[in-house]
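Enquirer: Sequence first, then the predicted structure:
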Amino acid sequence: MKLHLLILLSLSLFWGCELMSDPPEEGKTHHLAIALGYDGTDVNSLHGTLPDAIELEKAFTALFTGKEHTSTLMLQDGSDSLSDPLLPTKANVTQKIKTLSDTMNEQDILIISYSGHGDVDGSLVLYPPRNDGSILDANDIPFEDSLLSVKDLYSNLEECKGSILLLVDSCYSGNFVQESETSYSLIERNAYLQEIYDQYFTEGSYTRPVFVLAATTYDNTAGETSSHGYFTQALLEGMGWDEENQKLRDVGQTISADYLYQYVYYHQDIKLSGEYSWDYQHPTITGGPLDLILR
C-alpha cells in the first residue's frame with residue numbers, strides 16, 4: 001500500500017512539473033541580405049550579387065512561411081543615394097545589425113547574407129561614404145571606411161541574444177571560419193583569425209551561437225555564373241528554391257547549416273580544388289558539435 005502511494009505521489013509531481021509546463025516560445029527569424037553590384041564605383045562590377053540577395057530573400061521568406069519572419073534588403077545597384085538608410089555602407093550595415101540585435105531574444109535567429117567583393121583579409125567591401133563612389137585610394141587600396149572587417153562584424157554581433165547564421169559569398173570569405181578538429185574547412189589556422197575568435201568566442205566573452213557558411217577558404221577567390229555566385233546558386237538549390245517558378249519545393253529532409261554546406265560541397269558548378277585559385281573554390285563551415293536547424 002505504501003509503495004502504491006509513493007508511486008502515485010511521484011507521478012503527480014512528474015505531471016505537475018513537466019507534462020503541464022508551457023512549451024518554449026517559438027523564435028522569430030530575420031534575414032538581412034546585403035549585396036553590391038559596384039556599378040558607379042571604381043572596382044570591378046559583379047553580375048550575380050544582386051540576384052543572390054533577391055532570390056535568397058524570397059527563398060527564406062518561403063522557408064519560414066507560417067512563422068514570424070521578416071527580411072531586409074540592402075542593395076547597391078548604381079542608383080545610389082547616401083541618404084538612403086538601406087544603401088549598404090559600413091555605417092548603415094552596422095546600424096541595421098545593431099537595430100536587429102536589440103530586438104532579438106535568445107530563441108530568435110538572425111541570418112545575414114553577403115554577396116560582393118571581399119578584401120584579402122576577408123573584409124566585406126561596402127559602398128563608400130562618398131558621392132563619387134570611390135572605394136580605392138590613389139594606390140588602389142580600399143579605404144578603411146569602405147571595409148567591414150571580420151573583427152568589426154563579430155564585434156557588432158556581440159550583443160545579439162539569438163543565434164546567428166552568416167552566409168558569405170565573396171573572395172577570401174574563409175577568414176570568417178574558425179578552423180577546428182570538427183570543422184569541414186581544410187584551411188590552416190592563422191594568428192589573425194585565432195585572435196578574433198579568442199576574443200569573441202571563448203567562454204565568458206562571447207557565448208551566442210554563430211554559424212558561418214563561406215564560399216571559399218581564407219586564401220581563395222570566389223566566382224560567379226551569369227546569374228549567381230557559385231556558392232549561392234548551390235545554396236538556393238539545397239534549400240529547394242525553384243527560381244524559374246518562384247516557389248520552394250520539399251527537399252525531403254531537415255534544412256540545417258550542416259545540410260546546406262554538404263549540398264554546396266557536392267553540387268556547386270565549380271571544382272573544389274585546382275592548380276589556379278580562380279579555377280576552383282572550396283566552401284568552408286564553422287566546426288563544432290552544434291548544428292543550426294532552420295526547418
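Expert: Good, I have the coordinates. Numbering: from 1, shown residues only.

Enquirer: Would you mind giving me the confidence score for residue 89?
Expert: Looking at residue 89, its pLDDT stands at 98.

Enquirer: so who does it touch?
Expert: Contacts here follow C-beta atoms under 8 Å, 6 or more residues apart in numbering; on that basis residue 89 touches 82, 126, 127, 128, 129. Every C-beta, even on glycine, is put in place using the N, C-alpha and C of the backbone.

Enquirer: Would you mind listing which of these are buried?
Expert: Buried members of the contacts of residue 89, scored by 16 or more other C-beta atoms under 10 Å, are 126, 127, 128.

Enquirer: Could I get the phi/psi values of the last one?
Expert: Okay, so that is residue 128. Torsion angles at residue 128 (phi, psi; degrees, to the nearest 10) stand at phi -80, psi 160.

Enquirer: quick one, what contacts the closest residue in space to it that isn't next to it in sequence?
Expert: Of all residues not flanking residue 128 in the chain, residue 146 sits nearest, at 4.5 Å (C-beta to C-beta, 6 or more residues apart in numbering). Residue 146 makes contact with 90, 125, 126, 127, 128, 135, according to C-beta under 8 Å, 6+ apart.

Enquirer: Return the distance of residue 100 relative to residue 70.
Expert: Remark: distance between residue 100 and residue 70 (C-beta to C-beta, to the nearest Å) = 9 Å.

Enquirer: Overlap of the contact sets of those two?
Expert: When contacts are counted by C-beta under 8 Å, 6+ apart, residue 100 and residue 70 are jointly contacted by residue 30.

Enquirer: For residue 211, list the residues it contacts.
Expert: Each residue near residue 211 by C-beta under 8 Å, 6+ apart is listed here: 163, 164, 165, 166, 257, 285, 286, 290, 291, 292.

Enquirer: Of residue 100 and residue 70, which one has the most company?
Expert: Regarding residue 100 and residue 70, a neighbour count based on other C-beta atoms under 10 Å identifies residue 100 as having more, with 20 against 13.

Enquirer: surely that one meets residue 29?
Expert: No: taking contact to mean C-beta atoms under 8 Å, the distance of 10.8 Å between residue 100 and residue 29 leaves them out of contact.

Enquirer: which stretches of the stretch 51-200 of the chain have low pLDDT?
Expert: Scanning the stretch 51-200 of the chain for pLDDT under 70 picks out the ranges 178-200.
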